[in-house]
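> with the input below, show me the fold.
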Amino acid sequence: QVQLVESGGGLVQPGGSLRLSCAASGRTFSSYAMGWFRQVPGKEREFVAAMSRSGDFKKYADSVKGRFTISRDDAKNTVYLQMNSLKSEDTAVYYCAAGLYQTKSITSTERYDYWGQGTQVTVSS
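Model (predicted):
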């Protein structure tokens, strides 16, 4: 069982930056691929970024490529999402997720077994 708790969301002006954190419980954090997704009301949850359990493979949505960076610190059981050059269309609730088995694409919500409660990111002037 893994519990995920996101933090770091908030209100930021366009062009600004935020760093989201996702702290995981459990001793097997390094066994999980980790992903970030986001969702706005009335829309499906969409993929943002993900990385393999080893950290040597990373994937980004085209909409955030070059602006967002995913990273992990296994010693702290934490995954991060550094978000730069934020745009109004980045406004959403952001969720982190952990997946153990390579059953689906790392960009699919079906890959992940555990989800955090979400943190709101609002980009507005």
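> centroid residue for this structure?
Geometric centre of the chain, nearest residue: Trp36, 2.1 Å, by CA atoms, centre = their mean.
> for Val5, see how far away it is.
As judged by CB to CB, to the nearest Å, Trp36 and Val5 stand 14 Å apart. The C-beta positions use only the backbone N, C-alpha and C, and glycine is treated the same way.
> anything in contact with each of the two?
Residues within reach of Trp36 and of Val5 at once, by CB atoms under 8 Å, 6 or more residues apart in numbering, are Cys22.
> quick check: the residue nearest to the centre of the chain touching Cys96?
Yes: using CB atoms under 8 Å, Trp36 is in contact with Cys96, at 5.6 Å.
> what is in contact with these two at once?
Leu20, Cys22, Val79, Leu81.
> most widely separated two among the residues you listed?
Leu20 and Val79 (8.8 Å; CB to CB).
> between these two, point out the one with more neighbours.
Val79 (29 against 24; other CB atoms under 10 Å).
> how about the more buried one, what does it touch?
Shown in contact with Val79 (CB under 8 Å, 6+ apart): Ser21, Cys22, Ala24, Met34, Trp36, Met51, Ile70, Ser71, Arg72, Asp73, Cys96.
> Ser31 too?
So Ser31 contacts Arg53, Leu100 (CB under 8 Å, 6+ apart).
> Ser105 now?
Contacts of Ser105 by CB under 8 Å, 6+ apart are Arg111.
> and Leu18, what's its pLDDT?
Here the pLDDT value assigned to Leu18 is 98.
> ok, the nearest residue to it once chain neighbours are set aside - how many residues close by?
Once flanking residues are discounted, Leu18 sits nearest to Met83: 5.0 Å by CB to CB, 6 or more residues apart in numbering. Neighbourhood size, Met83 [other CB under 10 Å]: 26.
> now swap in Lys43 and tell me
Neighbour number of Lys43 under other CB under 10 Å is 9.
> assign a three-state SS to it, would you?
coil (DSSP: H, G, I helix; E, B strand; the rest coil).
> can you tell me how far it sits from Glu6?
For Lys43, the distance to Glu6 - CB to CB - is 19 Å.
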